[in-house]
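Student: Fold the following, please.
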Amino acid sequence: MKSLVKEAELYRTQGLLEESKERYLEVLQLIEKNQRFQSNKKAINVIKDRIVGLERDLAEIDQETEAPELSGKVQDLIKNLFSFSQNKDAAEMEGAVALARFGQYERALAEFNSLLDKGTLPLIAAKNVLRCHLALSSTDAAIDQFRKWLSGELLSKKQLRDIRSFLEYVLKRKGIQTKLPEVVGESSQKPKEVGSEGGFLDVCSVKMRLESGPCKGSTKELDVTFQSGNVISLIVSAKDKDLIDSFMPGIRLRGVHFFSSICVFRANGIVSEWTSIKTGPRRGDYVLSITIDRSDKLDIL
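Tutor: Numbering: from 1, shown residues only. Take a look at the predicted model:
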């Protein structure tokens, strides 16, 4: 029994909760079969308490794994609340990005694909489709999607080259070495487009020195998950709560380095907001939004 208890505790400290529970159940069975130990209520209660505690921990893990999506009505509310632009195309894009920022990647993916099919801001929509796949940890899906676009007519060759550079840079940042197919030739026909895609350079990552909060004085480099114009969103792990406390809304970030697939530039930014992701695969993590200050001069490095 002592050996089983030691083994159970070792499993528990290593996070192997199911195995730990099985060992404690074996101990309990041995106690119940042995008249010598049946009267030791204290030992029996201790073992039972350990089993109950393990069951509670396992239930919490199962609950976190399920992480149900928000209802359709709530998703629609989020989409409408964060569609600020007067321009219909821009407003639809903002709504889709808002869904992604709240961890509703599947719905956001459908929205971005719909915008792409309609020819609404196709370059931005396509990049956000890839961002959704990557946020869902579906690297293969992102690469497969790029290959499908190569054989279709939704995007021009120029747009595809831009998207290829973007995807190649993001994969490299993640340490994924893969050879993406080249974009060859010119478009046989002009793809349908609605509205203008004028806006801001795509930002893939940022590097900044923190001037306040628990992480004051440190330099942090973070990947950008989504972007709408000059507003970028970054996901910060729940393990880095101190980092979130260093980014209180309204804080001005000076001399931030912004990395895109074509250049690096330096500018100031303002922390717009940060929110906790309540559902989906990134539940418990935080989304940090930074507005790049357009009133300042951008220094191309």
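
Student: quick one: which helix or strand includes the closest residue in space to Leu116 that isn't next to it in sequence?
Tutor: Distances taken as C-beta to C-beta, 6 or more residues apart in numbering place Ala125 nearest to Leu116, at 4.1 Å, with adjacent residues excluded. Quick note: C-beta positions are derived from backbone N, CA and C, even for glycine. Secondary structure assignment for Ala125, by DSSP states H and E: helix 122-135.

Student: Touching that helix from outside, list them.
Tutor: For helix 122-135, contacts defined as C-beta atoms under 8 Å, 6 or more residues apart in numbering pick out 93, 96-97, 100, 105, 108-109, 112-113, 115-116, 139, 141-142, 145-146, 149, 154-155, 159, 162-163, 166-167, 170, 174, 191, 193, 197, 199, 202, 225-226, 235, 281-282.

Student: Which element is encountered next along the chain beyond that helix?
Tutor: Going down the chain from helix 122-135, the next helix or strand is helix 139-150, by DSSP H and E.

Student: Who are the contact partners of Pro233?
Tutor: Pro isn't right for residue 233; it's Ser. Neighbour list for Ser233: Val97, Ala100, Arg101, Val224, Thr225, Phe226, Gln227, Val287, Leu288, Ser289, Ile290 [criterion: C-beta under 8 Å, 6+ apart].

Student: switch the cut-off to 10 Å
Tutor: 97-98, 100-101, 131, 224-227, 272-275, 287-290 (C-beta atoms under 10 Å, 6 or more residues apart in numbering).

Student: Going through these, which ones are buried?
Tutor: Among those, those classed as buried by 16 or more other C-beta atoms under 10 Å are 97-98, 100-101, 131, 224-227, 273-274, 287-290.

Student: Among these, which are located in helices?
Tutor: Val97, Ala98, Ala100, Arg101, Arg131 (DSSP state H).

Student: Could you identify the least confident member of the residues you listed?
Tutor: On pLDDT alone, Arg101 ranks lowest of those, at 79.

Student: so that residue sits right up against Ser276, yeah?
Tutor: No - counting by C-beta atoms under 10 Å, Arg101 sits too far from Ser276 to count as a contact (11.3 Å).

Student: quick one: common contacting residues for these two?
Tutor: With C-beta under 10 Å, 6+ apart, Arg101 and Ser276 have common neighbours Val287.

Student: Low-confidence bits of the chain, can you list those?
Tutor: 14, 38, 59-69, 186-200, 278-282, 295-301 (pLDDT under 70).

Student: all helices for it, in order.
Tutor: Assigned by DSSP H, the chain shows helices spanning 2-13, 17-33, 35-38, 41-66, 72-81, 88-101, 105-118, 122-135, 139-150, 157-173, 241-245.

Student: Which elements pack onto the second one?
Tutor: Right, the one you point to is helix 17-33. Judged by 3 or more C-beta pairs under 10 Å, 6 or more residues apart in numbering; DSSP states H and E, helix 17-33 is in contact with helix 2-13, helix 35-38, helix 41-66.
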